[in-house]
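Trainee: next input, structure requested:
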Amino acid sequence: MGPAGPETAFPQLTAREREVLDLVAAGRSNAQIAAVLYLSPKTVRNVVSNVLTKLQVTDRAQAIVRAREAGLGR
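Mentor: Predicted structure coming up:
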């Protein structure tokens, strides 16, 4: 990890998207994320989809790798 810490990783993401990505990288399911953040599962699905698009990755596994490299999900 370079000079940017987890809180400044992925500036293209909103704070909510970064929060969801952190939980995805920690291995949480959409249902678990929804419960923790008091969101509907559909909202979590939409946020995860937006994160994948913004990170230009095709699936959760790739997003997790990128997030963990940036220090998220710990």
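
Trainee: mean confidence score for the helix ranked longest in the chain?
Mentor: When the chain is parsed with DSSP state H, its longest helix is helix 41-55. Helix 41-55 comes out with an average pLDDT of 98.

Trainee: that one - contacts with which helices or strands?
Mentor: Judged by 3 or more Cβ pairs under 8 Å, 6 or more residues apart in numbering; DSSP states H and E, helix 41-55 is in contact with helix 15-25, helix 30-37, helix 60-69. Where C-beta positions appear, they are placed from N, C-alpha and C, glycine not excepted.

Trainee: now do the contacts for the closest residue in space to Ala70 that isn't next to it in sequence.
Mentor: Nearest residue to Ala70, sequence neighbours excluded (Cβ to Cβ, 6 or more residues apart in numbering): Ala9, at 3.7 Å. Neighbouring residues of Ala9 by Cβ atoms under 8 Å, 6 or more residues apart in numbering: 18, 67, 70-72.

Trainee: which one of the residues you listed is nearest to Ala61?
Mentor: Ranked by distance to Ala61 (Cβ to Cβ), these are led by Ala67 at 10.8 Å.

Trainee: touching, the closest one and Ala25? I think so.
Mentor: Yes. Between Ala67 and Ala25 there is a contact under Cβ atoms under 8 Å: 3.7 Å.

Trainee: give me the common contacts of these two.
Mentor: Gly73.

Trainee: of these two, who's got more company?
Mentor: The neighbour comparison of Ala67 against Ala25 (other Cβ atoms under 10 Å) goes to Ala67, with 26 against 22.

Trainee: any idea how far Ser40 is from that one?
Mentor: 23 Å (Cβ to Cβ, to the nearest Å).
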